[in-house]
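>>> build me a structure from this.
(one chain, ligands or ions: 3)
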Amino acid sequence: MKIEQKQRQDRFRRHAVQVKEAQKMIEPYIAPLDTELVCLEQAYGRYLAEDIAAAHPLPHFRRSGMDGFSVRTDDIRDASSEKPVCLKVIENVPCGFVPQKRLEPGTAARTMTGAMVSEGADAVIRLEMTREFEIDGESYLSVTRPIQPGANVSEVGSELHEGAVVVTRGRTIRSGEMAILAEYGYHQVQVFRSPVVAIFSTGAELLRVDEPVQPGKIRNSNAHMLAGLVRQAGGVPRWLGQIGDDVEEARIKMTEAVNTADLVISTGGVSVGDYDVLADLFLQWEGKTLFNKVAMRPGSPTTAGVLDGKICIALSGNPGACFVGFHLFVRPVLLGMQGCGETQLPEFAAILSETYAKPDAYTRYVRGRTVVSDDGHVYVEPVGQDKSSVMSSIKDSDCLICIPPGKGGATKGSLVTALRLPNC
Ligand SMILES: Nc1nc2c(c(=O)[nH]1)N[C@H]1C(S)=C(S)[C@@H](COP(=O)(O)OP(=O)(O)OC[C@H]3O[C@@H](n4cnc5c(N)ncnc54)[C@H](O)[C@@H]3O)O[C@H]1N2
Ligand code: MOO
Ligand SMILES: [Mg+2]
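Ligands and ions are numbered 1, 2, ... in the order given. Got it, this is the predicted structure:
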């Protein structure tokens, strides 16, 4: 039998692994990258490489929650409109200042929101609940009702106690984390290095974006979609260009990719067609092929392997399949390389808003949109054309609806599982 013929038969003879099984096959090769120190301004979107513990309690002083007066609630326990209580104002405490005097019975201090509550005080009464007046150049206030001890005072450590772990290693730094890091004085922070992801595309039909459209040819949309998806997952895309349908060219490109990146993704050429050169490469390369078929649609010919310790994921050329394959297989690797524990897309249960009749032997990941009804029920609806070759509906999806394998598809009103897509 000629080599070529044998190869073709090998290409047809594929064992489809389940999605979870395929993910597990990649897992042993995922390792967190080294770490680096970046300044806080550059830290947004990066993944923390250290636990952040509260170096001091928060707040670290007794803080007023209102513009008002620090008072001793005992002093005003019996205050009423008929019998107002008068307190002498002994000092004025703006934000950022330390009160100089302790409150003795019958006194109060003017204390603004965010300022330190005076010693001896156990509450802050709001300005609106008091009437101020002067006698002989001295300030007083009159109070006509009592307030609860602790009112409008944030006690030391009431938000965070000293030593509490506030942000854990592997967490993405977003606005809330930025705030905590700033509060605790992290002008620099240790983060995981961003994985460099080599991307190359195969296909003689591919045009660059700046080339005029030609009969039979298409512009390379996958490469740009993937660059966006890689960025979204914290990676740095490294575009290695597009190659024709030549297995030797693919071999050279794969070697270059492995030598210059932490992770490799390619698009196209993984099915059983005459020019599916990546499929051929994975049958005769020096690397270890992990799987070359997954029991899913779109993206069943998605292939993965390891070369020189680097994970190489060959995504399908069909844009819908490329998109789904990225989320199920590439994104978890990228997140794992950045120390993130939660690498899979979050699952949620929802009601299918219309029947999805297309049956399949494999699980389908249908591009969908989430809608919350007025009565609070969560629905998911397919976002229009769902063929693997359709690209234009990708932008409208915020989830992937999982349609289980079987003859019937899934009917309107049935409960389905969906995977939440990150903001792509
Ligand atoms: N006889 C069979 N044919 C096909 C099978 C099969 O089992 N038996 N599987 C089908 C399935 S499922 C899929 S998915 C596709 C997979 O195709 P490939 O991954 O080999 O991708 P290509 O053949 O290179 O291209 C497919 C399609 O996608 C377009 N494409 C390719 N690259 C890009 C790009 N960078 N940007 C935009 N569009 C791209 C390409 O022009 C083709 O139209 O195979 C089925 N066939
Ligand atoms: O598995 Mo393919 O991606 O359905 O079309
Ligand atoms: Mg093909």
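>>> return the residues of the stretch 151-300 of the chain in contact with ligand 2.
By CB under 6 Å from any ligand atom, the residues of the stretch 151-300 of the chain that approach ligand 2 are 297-300. C-beta: built from backbone N, CA, C; applies to glycine.
>>> please apply the same query to the stretch 301-424 of the chain.
Counting by CB under 6 Å from any ligand atom, the stretch 301-424 of the chain sits next to ligand 2 at 316, 318, 321, 388.
>>> so which of those residues also contact ligand 1?
Among those, proximity to ligand 1 is found for 316, 318, 321, 388 (CB under 6 Å from any ligand atom).
>>> mind checking the SS state of the third one?
Here A321 is recorded as helix under DSSP: H, G, I helix; E, B strand; the rest coil.
>>> pLDDT for the residues of the stretch 151-300 of the chain next to ligand 2 - can I get that in CSV?
As requested, those are exported to CSV (pLDDT from 0 to 100):
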residue, pLDDT
R297, 97
P298, 97
G299, 97
S300, 97
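>>> so which of those also contact ligand 1?
Among those, the residues that sit close to ligand 1 (CB under 6 Å from any ligand atom) are 298, 300.
>>> low-confidence ranges, this protein, go.
Scanning the chain for pLDDT under 70 picks out 1-3, 8, 424.
>>> which stretches in it count as helices?
With DSSP state H as the criterion, the chain has helices at 3-12, 19-26, 175-183, 221-232, 247-260, 277-283, 319-325, 331-337.
>>> just checking, what packs against the longest one?
Counting contacts by 3 or more CB pairs under 8 Å, 6 or more residues apart in numbering; DSSP states H and E, the secondary-structure elements packed against helix 247-260 are strand 196-202, strand 236-243, strand 263-267, helix 277-283, strand 303-307, strand 310-315.
>>> between the second one and helix 247-260, how big is the angle?
Strand 236-243 and helix 247-260 meet at an angle of 160 degrees, taking axes from the mean of the first three to the mean of the last three CA atoms, to 10 degrees as the criterion.
>>> for strand 236-243, which strands pair with it and how are they oriented?
Partners of strand 236-243 in the sheet, by DSSP bridges, are strand 196-202 (parallel).
>>> same deal with the fifth one?
Based on DSSP bridges, the strands next to strand 303-307 in the sheet, each with its direction, are strand 288-291 (antiparallel), strand 310-315 (antiparallel).
>>> and among the ones you listed, the most buried is which?
The highest average neighbour count among the strands paired with strand 303-307, using mean count of other CB atoms under 10 Å, belongs to strand 310-315 at a mean of 25.
>>> can you report how many residues neighbour H224?
H224 has 14 neighbours, counted by other CB atoms under 10 Å.
>>> name the nearest residue to it, ignoring sequence neighbours.
V209 (7.0 Å; CB to CB, 6 or more residues apart in numbering).
>>> the one you found reaches N222, doesn't it?
No: judged on CB atoms under 8 Å, V209 makes no contact with N222 at a distance of 11.6 Å.
>>> quick one, which of these two is more surrounded?
Remark: of V209 and N222, N222 carries more neighbours, 28 against 9, as counted by other CB under 10 Å.
>>> ok, now which ones touch that one?
N222 sits next to 201, 267-268, 315, 317, 319, 322 when contact means CB atoms under 8 Å, 6 or more residues apart in numbering.
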